[in-house]
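> Kindly generate the corresponding structure for this input.
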Amino acid sequence: MKSIVSIVLFLFLLLTCPEIKTQSIYFPPLSGNQWESVTPSSLGWCTEKIDSLLNYLESKNTKAFLVLKNGRIVIEHYFGTFSADSIWYWASAGKTLTAMLCGIAQQEGYINISDSSSKYLGAGWTSCQPGKEKLITIRNQLTMTTGLNDNVVDPFCTLPSCLIYLTDAGSRWAYHNAPYTLLDKVIENSTGQTYNLYFNSRIKNRIGMNGIWLPSGFNNIYYSNARSVARFGILILNKGVWNVDTLLHDTSYFNSMTNTSQNLNLSYGYLWWLNGKSSYMLPGTQFVFPGSWAPDAPDNMIAALGKSGQILNMVPGSGIVLVRLGNAPDTSFEITTHFNNQIWIRLNDIICDPSSVKNLSSVSPQQFILHQNYPNPFNPETTFDYYIGKNGFVSLKIFNILGKEVQSIINEYKNTGSYSVKWNASEFPGGAYLYRFSFDEIYKTGKLILIK
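Below is the predicted model:
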């Protein structure tokens, strides 16, 4: 009898005490415009900082921006004539849709990602010798490790004549669009359905997205409204489950997809970008950069990133989903990691939670904060943002790869505060450089890449 009373009491407390209620994820209805929201102030966020973020986004050619908390809309803003119904392209952020679809296709027995891609694309889909071509698996296509030469005239070209052997599959990471694009054909050839039809029935319709895959040259690009991007973010945040509908039962595949997938680029899963790793690589270079690609964003953030700043971020645990769509913010780089980080610098100011924000007031007088220069790689100009906790002498110097100083950017006394300084390298040859920042006998060094 005593145990029954205890159970009843526990259930009563669970239902009536907000302190012990769990933060469940909200799933908007599959049709219509209904979508629950929550005000930033009710979350304890610093609402006076929102305008600063929106002004920044507007200055960077943004068209749509959303922030969700556990599925509910906290911030939703559209710029200019763009609206909630406007359609925009995902660019390479759409690669993550394909990653998810490959997991479902494997779950249904259509493919095995350990199989040679030739099983689904046919022999001769590359210009490699048969033995080398056979080494390339679907997993290599998902992880950008096919070993095919990405430094060709048209890296988007999917013709066999464009797919040239460089090294054995699995031994080199390179961001190469063409092998990824051919995953569409893997799906179509294995399922006997068009890519749009299979995608619609397995993902789009089951989470209430709109949109369509459309060919553009050799590419296949997804178009949708911004809320559809957010819907996919909720699905990934909830590990492939939409409400009571489990789209991806294979938890092993999901975990592999959203964690380091090889030992070459630790910040890359199955077509997903991963933050908080000890190093990362970027498209167009074989350099390995130390640290996280978005040092001001949460370490456990996973991201879908596309050209011109198409961004989808999910932060497991905190329930945050972030969406940004628009034109290029300031550079033409394939993946704008620096821009993603700049958004988080400003979003952290809004969330203003001491447990989740790098709060400048907590910096001791002997410390400083130096953010990763952006953009990086760059041509010809890059920016360093930094904060010093007391008045003191600041030095920022640039060295070539041999360790010879090539320019002194800062060499003066500064008062406490935040600063921004640019380095214009138009007179220097392309390649790798090192920087050394010093303040109060404390040093920080890093690598930057000038592309010419």
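> quick one, strands of the stretch 101-250 of the chain?
Counting by DSSP state E, counting those that start in this stretch, the stretch 101-250 of the chain forms strands over residues 212-216, 219-224, 241-242, 245-246, given from the N-terminal end onward.
> for the record, mean pLDDT for the last one?
Yep, that's strand 245-246 we're talking about. Strand 245-246 shows an average pLDDT of 97 in the prediction.
> Spatially central residue in this structure, please.
With the centre of the chain defined as its mean C-alpha position, the nearest residue by Cα atoms, centre = their mean is Ala303, 2.5 Å away.
> Now name the helix or strand holding it.
Under the assignment given by DSSP states H and E, the secondary-structure element containing Ala303 is strand 302-306.
> I'd like to know which elements that strand is packed against.
Contact here means 3 or more Cβ pairs under 8 Å, 6 or more residues apart in numbering; DSSP states H and E; on that basis strand 302-306 packs against helix 95-107, strand 273-274, strand 310-315, helix 337-351. Using the backbone N, CA and C atoms, a C-beta is placed for each residue, glycine as well.
> For it, what is the distance to the chain centroid?
The chain centre lies 2 Å from the centre of strand 302-306; the measure is Cα atoms, centre = their mean, to the nearest Å.
> in its sheet, what does it sit against?
Strand 302-306 pairs in its sheet with strand 273-274 (antiparallel), strand 310-315 (antiparallel), by DSSP bridges.
> tell me which helix or strand of this structure sits lowest on mean pLDDT?
Of all regular secondary-structure elements in the chain, judged by mean pLDDT, DSSP states H and E, the least confident is helix 2-16 with a mean of 40.
> Could you list the alpha-carbon positions for whichever helix or strand comes after it in CSV?
Heading C-terminal from helix 2-16, the first helix or strand you meet, by DSSP H and E, is helix 50-59. Below are the C-alpha coordinates for helix 50-59, written out as CSV (Å, rounded to 0.1, in the frame of the first residue of the first chain):
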residue,chain,number,x,y,z
ILE,A,50,18.2,41.0,-30.8
ASP,A,51,18.1,44.1,-33.0
SER,A,52,21.9,44.1,-33.2
LEU,A,53,22.0,40.5,-34.5
LEU,A,54,19.2,41.3,-37.1
ASN,A,55,21.0,44.4,-38.2
TYR,A,56,24.2,42.4,-38.7
LEU,A,57,22.3,39.7,-40.6
GLU,A,58,20.7,42.3,-42.9
SER,A,59,24.1,43.9,-43.6
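> For helix 50-59, the averaged confidence score.
Helix 50-59 carries an average pLDDT of 97.
> so how far is whatever helix or strand comes next after that helix from its chain's centroid?
Counting by DSSP H and E, the next helix or strand C-terminal to helix 50-59 is strand 62-69. Counting by Cα atoms, centre = their mean, strand 62-69 is centred 15 Å from the centre of its parent chain.
> Partner strands of strand 62-69, with direction?
Applying DSSP bridges to the sheet, strand 62-69 is found paired with strand 72-78 (antiparallel), strand 320-326 (antiparallel).
> Mean neighbour count, those strands: which tops it?
Each of these was assessed for mean neighbour count using mean count of other Cβ atoms under 10 Å. The highest is strand 320-326, with a mean of 25.
> quick one on the thing from earlier: nearest to Ala91, out of the strands of the stretch 101-250 of the chain?
Shortest separation from Ala91 across the strands of the stretch 101-250 of the chain is recorded for strand 219-224, at 6.8 Å, computed as Cβ to Cβ.
> got the contact list for that closest one?
Residues outside strand 219-224 that contact it (Cβ atoms under 8 Å, 6 or more residues apart in numbering) are 87-91, 94, 97, 156, 177, 181, 184, 195, 209-215.
> swap the cut-off to 6 Å and go again
Under the contact criterion Cβ atoms under 6 Å, 6 or more residues apart in numbering, strand 219-224 has outside partners 87, 89-90, 94, 97, 156, 181, 184, 210-214.
> With stretch 296-313 instead?
Looking at what lies outside stretch 296-313 - Cβ under 6 Å, 6+ apart - the contacts are 90-93, 96, 229, 233, 258, 272-276, 314-316, 322-329, 334-336, 339-341, 344-345.
> quick one: average confidence on the strand or helix carrying Lys447?
Counting by DSSP H and E, the element that carries Lys447 is strand 442-450. For strand 442-450, the per-residue pLDDT values average out at 84.
> what's in contact with that strand?
285, 287, 370, 373, 376-377, 425, 430, 432-437.
> And those, which is closest to Ile388?
Distance to Ile388, by Cβ to Cβ, is smallest for Leu370 among these, at 9.4 Å.
> Who is that closest one paired with across the strands?
Here Leu370, judged by DSSP bridges, has bridge partners Tyr386.
> What separation is there between Tyr386 and Tyr435?
Taking Cβ to Cβ, to the nearest Å as the measure, Tyr386 and Tyr435 are separated by 11 Å.
> ugh, wrong one, Met314
31 Å.
> just Gly147 next, same as before
Using Cβ to Cβ, one obtains 33 Å as the distance from Gly147 to Tyr435.
> Those two - which one has more neighbours?
The residue with more neighbours, out of Gly147 and Tyr435, is Gly147; 25 against 20, by other Cβ atoms under 10 Å.
> hang on, isn't that one packed against Gly170?
No. No contact is recorded between Gly147 and Gly170 when judged using Cβ atoms under 6 Å, the distance being 7.0 Å.
> what's the burial count for the nearest residue to Ser408 once chain neighbours are set aside?
Spatially, and ignoring its direct neighbours in sequence, Ser408 is nearest to Lys397 (5.1 Å; Cβ to Cβ, 6 or more residues apart in numbering). By the measure other Cβ under 10 Å, the count of residues near Lys397 is 17.
> OK, contacts around Lys397?
Listed by Cβ under 6 Å, 6+ apart, the contact partners of Lys397 are 405, 408, 436.
> Provide the partner residues of it in its beta bridges.
Residues in a beta bridge with Lys397, per DSSP bridges, are Ser408, Arg436.
> per-residue confidence at it?
Residue-level pLDDT assigned to Lys397 equals 93.
> Roughly how far does it sit from Gly403?
Distance from Lys397 to Gly403, by Cβ to Cβ: 11 Å.
> Then Leu248?
Taking Cβ to Cβ as the measure, Leu248 falls 49 Å from Gly403.
> Looking only at neighbour counts, state which of these two leads.
Between Leu248 and Gly403, counting by other Cβ under 10 Å, Leu248 is the more crowded of the two (21 against 7).
> contacting residues around the nearest residue to the more buried one once chain neighbours are set aside?
In this structure, Leu248 finds its nearest non-sequential neighbour in Gly240, 3.3 Å apart by Cβ to Cβ, 6+ apart. In this structure, Gly240 makes contact with 247-248, 254, judged by Cβ under 6 Å, 6+ apart.
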